[in-house]
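Chemist: Need coordinates for the following:
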Amino acid sequence: MKRSLIGNAGFFLDISFSSIIFLVLLKIKLIIEKPVTNSYFRRRILNTSSILETILSLNNLTKRFGRITAVDNLSFSIEKGNVYGILGPNGSGKSTTLGMVLNVVNKTSGDFKWFNGNLSTHEALKKVGAIIEHPNFYPYMTAEQNLALVCKIKGTGKNKIHEKLEIVGLLDRKDSKFKTFSLGMKQRLAIASALLNDPEILILDEPTNGLDPQGIHQIREIIRKIASGGTTILLASHLLDEVEKVCSHVVIIRKGVKLYSGPVDEIINSHGFFELKAGDMNKLEQLLQEHPKIGKITDKEGMLTAFLEDPMDAEEINRYLFEKGLSLSYLIKRKESLEEQFLQLTNQTS
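Modeler: Residues are numbered from 1 along each chain as shown. Here you go, the predicted model:
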C-alpha cells in the first residue's frame, strides 16, 4: 500500500521505494519533532532582484551506488527570484540530486549549502517546499481536510489554506474528496500543500509527468504565477519544451555530469542561423564562407545552413549575395531552440 509522508519542509515521498523508507521516516520525524512570452517572462524574473542572494549552492556533489556514479562532481548555484530547471534525460541524476539537497539521499562526497550556509540543513528545510514523485493524500478526505492535516503536521496555521487553493485553481473544489481528483488536480493540490509554509524556494520533480496537454498548461501557468510572487523555483524535467517555456536558468546534466549551467537565453544562440538555397550551391557555400559574420556551415539534403557569429538580418545577407552575382531561391532566418542546443551538447559527450 502506498502512503504519503508529509514533512515540515513540505515535500512528498512515495514510499513504495522500500530502500529508503527508514531514512525518509527518520528525516521527517526529526523535522516534525523539531519544530509571458517566454523571453519576456525570463527577463522579468531575471530583473526582480538587483542584489543576488544564493538560496542553494552545490560544490562537487557526488553520489555513487556501488560502481555506478549517479551524480558526478556536480556544482552550480541557485540565486533568489529565478526559475531554475535541471534538464536531462531519464536516468541522468536529476532526482538523485534533489534527494541529496533535501537530505533524503546520503551524498558520497562533495557538499551543498542552503542560504549561504547560514542555516543548518534541518533549519533550512523549513524554508523549502518540495514535491518528489507522485503526491498522495488521504483519498476519502477533502482537499481542505488534507491541507488542514498538513498544517497540523507542519505546525502552521490553517488561515492560508484557501489562499493556496486559489493559487492552484482548486478553491472551488475544496470540499471534494481527493479520490475524485484527476492526476492534474492531485498535482495542483500537492503544490498548494508545499506552499502552506510560504517557502522561499519550491522544488518540483517532473511536475508535468503523465499529464494531458491541458494539465501541463495549468501547471506551467501556476509555476509562472508562483514565480511572479518572488518565490524561487527549482524543477527537474526531461522535457526541453517545459524548461524553455518556464525557466529563466537551466542546468543540463547527462549521466550525472554537468554540461551547462546558466541563463536559458544564453544557451540559445542569440544570433540564429540562415537556411539558404540557390541555383549554384557551390558558389553559395563559397560566398558564405567568405562572409565575416558567418561561422559554421552545414549541407543537408540540398539546403545550406549558415550559423551566425554576429547579428545579421535576412535583407543584409540577401543583398551581399546579390552584389556577388548570386540570386537565392530560398532564404529564411531561424533561431536555435533549446532542443537543438541540448542535442549538440549531449552529442559532444556521447
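Chemist: by contact count, what packs against the host helix or strand of L321?
Modeler: Secondary-structure element containing L321, defined by DSSP states H and E: helix 314-323. Applying 3 or more C-beta pairs under 8 Å, 6 or more residues apart in numbering; DSSP states H and E, we find helix 314-323 packed against strand 273-278, helix 281-290, strand 328-334. C-beta: built from backbone N, CA, C; applies to glycine.
Chemist: Could I get the average pLDDT for that helix?
Modeler: Confidence for helix 314-323, expressed as mean pLDDT, is 95.
Chemist: can you pull the buried residues of that helix?
Modeler: I317, N318, Y320, L321 (16 or more other C-beta atoms under 10 Å).
Chemist: from the residues you listed, which is closest to N90?
Modeler: Each of the buried residues of helix 314-323 was scored against N90 by C-beta to C-beta, and I317 proved nearest at 40.4 Å.
Chemist: Now do the same contact list for the closest one.
Modeler: F274, L276, H291, A306, L331 (C-beta atoms under 8 Å, 6 or more residues apart in numbering).
Chemist: ok, now with 10 Å
Modeler: F274, L276, L287, L288, H291, K293, I294, A306, L308, L328, L331, K333 (C-beta atoms under 10 Å, 6 or more residues apart in numbering).
Chemist: got it, and K164?
Modeler: Per C-beta under 10 Å, 6+ apart, neighbours of K164: L147, V150, L170, L171, L189, I191, A192, S193, A194, L195, L196, D198.
Chemist: Surely it forms part of a helix?
Modeler: Yes. The assignment for K164 (DSSP: H, G, I helix; E, B strand; the rest coil) places it in a helix.
Chemist: how near is the closest residue to it other than its chain neighbours to D198?
Modeler: Of all residues not flanking K164 in the chain, A192 sits nearest, at 4.1 Å (C-beta to C-beta, 6 or more residues apart in numbering). When distance is defined by C-beta to C-beta, to the nearest Å, A192 is 12 Å away from D198.
Chemist: In terms of packing, which of those two has more residues around it?
Modeler: Counting neighbours by other C-beta atoms under 10 Å for A192 and for D198 shows that A192 has the greater number, 28 against 14.
Chemist: and the nearest residue to H249 once chain neighbours are set aside, what element?
Modeler: Nearest residue to H249, sequence neighbours excluded (C-beta to C-beta, 6+ apart): Y84, at 4.7 Å. If you go by DSSP H and E, Y84 is part of strand 83-87.
Chemist: quick check: mean pLDDT across that strand?
Modeler: Here the average pLDDT along strand 83-87 is 95.
Chemist: Tell me the helix or strand right after that strand.
Modeler: helix 94-101.
Chemist: helices or strands up against the helix or strand that that next one is followed by?
Modeler: Downstream of helix 94-101, the next assigned helix or strand under DSSP H and E is strand 109-114. Applying 3 or more C-beta pairs under 10 Å, 6 or more residues apart in numbering; DSSP states H and E, one finds that strand 109-114 contacts strand 54-65, strand 68-79, helix 94-101, helix 121-124.
Chemist: Which one of these lies nearest to M312?
Modeler: Closest approach to M312 among the helices and strands packed on strand 109-114 (C-beta to C-beta): strand 68-79, 33.0 Å.
Chemist: List the pairing partners of that closest one within its sheet, with orientation.
Modeler: strand 54-65 (antiparallel) (DSSP bridges).
Chemist: Quick one: work out the angle between the partner strand and helix 94-101.
Modeler: Angle of strand 54-65 versus helix 94-101, following axes from the mean of the first three to the mean of the last three C-alpha atoms, to 10 degrees, is 110 degrees.
Chemist: what does the average pLDDT come to for strand 54-65?
Modeler: The pLDDT scores in strand 54-65 average 97.
Chemist: what angle separates that strand from strand 83-87?
Modeler: For strand 54-65 against strand 83-87, the angle by the same axes, to 10 degrees is 20 degrees.
Chemist: From the chain's centroid, how far away is strand 54-65?
Modeler: 16 Å (C-alpha atoms, centre = their mean, to the nearest Å).
Chemist: before we move on, what about stretch 216-236?
Modeler: Counting by C-alpha atoms, centre = their mean, stretch 216-236 comes out at 10 Å from the chain centroid.
Chemist: list the buried ones in that stretch?
Modeler: 216, 218-220, 222-224, 226-227, 231-236.
Chemist: Out of these, flag the one nearest to I68.
Modeler: Closest to I68, out of all of the buried residues of stretch 216-236 and judged by C-beta to C-beta, is A236, at 18.9 Å.
Chemist: For P311, which non-adjacent residue is spatially closest?
Modeler: Here the residue nearest P311, using C-beta to C-beta, 6+ apart, is H271, at 5.5 Å.
Chemist: From D299, how far off is that neighbour?
Modeler: The value you get for H271 to D299, if C-beta to C-beta is used, is 20 Å.
Chemist: How is this structure partitioned into domains?
Modeler: 4-265, 273-334 (automatic domain parsing).
Chemist: With L343 as the reference, name the closest of those.
Modeler: domain 4-265 (9.1 Å).
Chemist: now that closest one: how far from the chain's centre is it?
Modeler: 10 Å.
Chemist: returning to that earlier point: would you point to the one among the helices and strands packed on helix 314-323 that's packed deepest?
Modeler: Highest mean neighbour count among the helices and strands packed on helix 314-323 (mean count of other C-beta atoms under 10 Å): strand 273-278, with a mean of 19.
Chemist: That one: partners in the sheet, and parallel or antiparallel?
Modeler: strand 303-308 (antiparallel), strand 328-334 (antiparallel).
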